[in-house]
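Enquirer: fold the following and give me the result.
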Amino acid sequence: MEKVTKDMGILDIVQAHPESVAIFQKYGMGCLGCAAARFENLEAGAKVHGFDADAMVAEINELIGA
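Expert: Predicted coordinates:
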């Protein structure tokens, strides 16, 4: 399974790994349908929401078994 990276698009991650939605919500990114989610990568979203992108990537990859 392909690993998720912080330079991947938010919607690309969610579409490839729907189970990741729970982790996005945990980090306060529950509005995955907003305009920013369409063009931002995970790292940019992390900066806006004030959390560590590397930690979130690690959690998603653990969840998906990558």
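
Enquirer: poorly predicted segments of this protein, please.
Expert: 1, 31, 33 (pLDDT under 70).

Enquirer: longest helix of it?
Expert: helix 53-64 (DSSP state H).

Enquirer: relative to the whole chain's centre, how far out is that one?
Expert: Relative to its chain's centre, helix 53-64 lies at 8 Å (C-alpha atoms, centre = their mean, to the nearest Å).

Enquirer: same thing with stretch 6-16?
Expert: 6 Å.

Enquirer: what sits against residue 23?
Expert: Taking C-beta atoms under 8 Å, 6 or more residues apart in numbering, we find residue 23 in contact with 56, 59, 60, 63. All C-beta spots, glycine's among them, are computed from the backbone N, C-alpha and C.

Enquirer: now residue 5
Expert: Counting by C-beta under 8 Å, 6+ apart, residue 5 makes contact with 42, 57.

Enquirer: how far away is it from residue 58?
Expert: 11 Å (C-beta to C-beta, to the nearest Å).

Enquirer: do the same with residue 8
Expert: According to C-beta to C-beta, residue 8 and residue 58 sit 14 Å apart.

Enquirer: looking at these two, which one has more neighbours?
Expert: A count of neighbours by other C-beta atoms under 10 Å puts residue 8 above the other of residue 8 and residue 58, at 17 against 12.

Enquirer: so the more buried one touches residue 41, yeah?
Expert: Yes - contact criterion C-beta atoms under 8 Å: residue 8 and residue 41 qualify, at 6.1 Å.
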